[in-house]
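*Asks:* here's a sequence, model it:
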Amino acid sequence: MSLKDFDYKKGGIFAAGVLFGTAGIKALSSKDAKNLYTKATAAVLRAKDCVLNVVSNIQENAQDIYAGAQQINDERAAAEDAAEAEGQDEVAETVAEEETKTEEKAE
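*Replies:* Numbering: from 1, shown residues only. Modelled structure (predicted):
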């Protein structure tokens, strides 16, 4: 391989990458960068607390709604049971009346 075959463009890109990488590592490990990371992490933690509070409120409201819905369904089922029992009583009374009429006719 000779210098004529060397691709200077690729070599320049590689050298620039090494330079930016070295400068980037120094920049990312500086005190200012660490201060920025700390503040960003603190903001994320505050946001997390806010989101958890909202989720907690939503869960409480959902539990209240669920309990209310269960109560409504229980009351409705009780009303349907009462109506069904009343309907059975009416049927029994009607049957008893018809039996009484049949017995009176037979006499």
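*Asks:* so where do the helices sit in this protein?
*Replies:* Assigned by DSSP state H, the helices in the chain fall at 8-28, 31-106.
*Asks:* outside of the shortest one, which residues touch it?
*Replies:* Outside of helix 8-28, the residues within contact range by CB atoms under 8 Å, 6 or more residues apart in numbering are Ala33. For every residue, glycine as well, the C-beta is placed using N, CA and C.
*Asks:* likewise stretch 37-47?
*Replies:* Nothing outside stretch 37-47 qualifies as a contact, by CB under 8 Å, 6+ apart.
*Asks:* mind running it again at 10 Å?
*Replies:* Residues outside stretch 37-47 that contact it (CB atoms under 10 Å, 6 or more residues apart in numbering): Leu28.
*Asks:* can I get that stretch in PDB? Just the C-alpha atoms.
*Replies:* Below are the C-alpha coordinates for stretch 37-47, written out as PDB (Å, rounded to 0.1, in the frame of the first residue of the first chain):
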ATOM      1  CA  TYR A  37     -26.800  16.400  34.900                       C
ATOM      2  CA  THR A  38     -27.600  16.900  38.600                       C
ATOM      3  CA  LYS A  39     -30.200  19.600  37.800                       C
ATOM      4  CA  ALA A  40     -31.700  17.600  35.000                       C
ATOM      5  CA  THR A  41     -32.000  14.500  37.300                       C
ATOM      6  CA  ALA A  42     -33.600  16.600  40.000                       C
ATOM      7  CA  ALA A  43     -36.100  17.900  37.500                       C
ATOM      8  CA  VAL A  44     -36.900  14.400  36.400                       C
ATOM      9  CA  LEU A  45     -37.400  13.300  40.000                       C
ATOM     10  CA  ARG A  46     -39.800  16.200  40.700                       C
ATOM     11  CA  ALA A  47     -41.700  15.200  37.500                       C
END
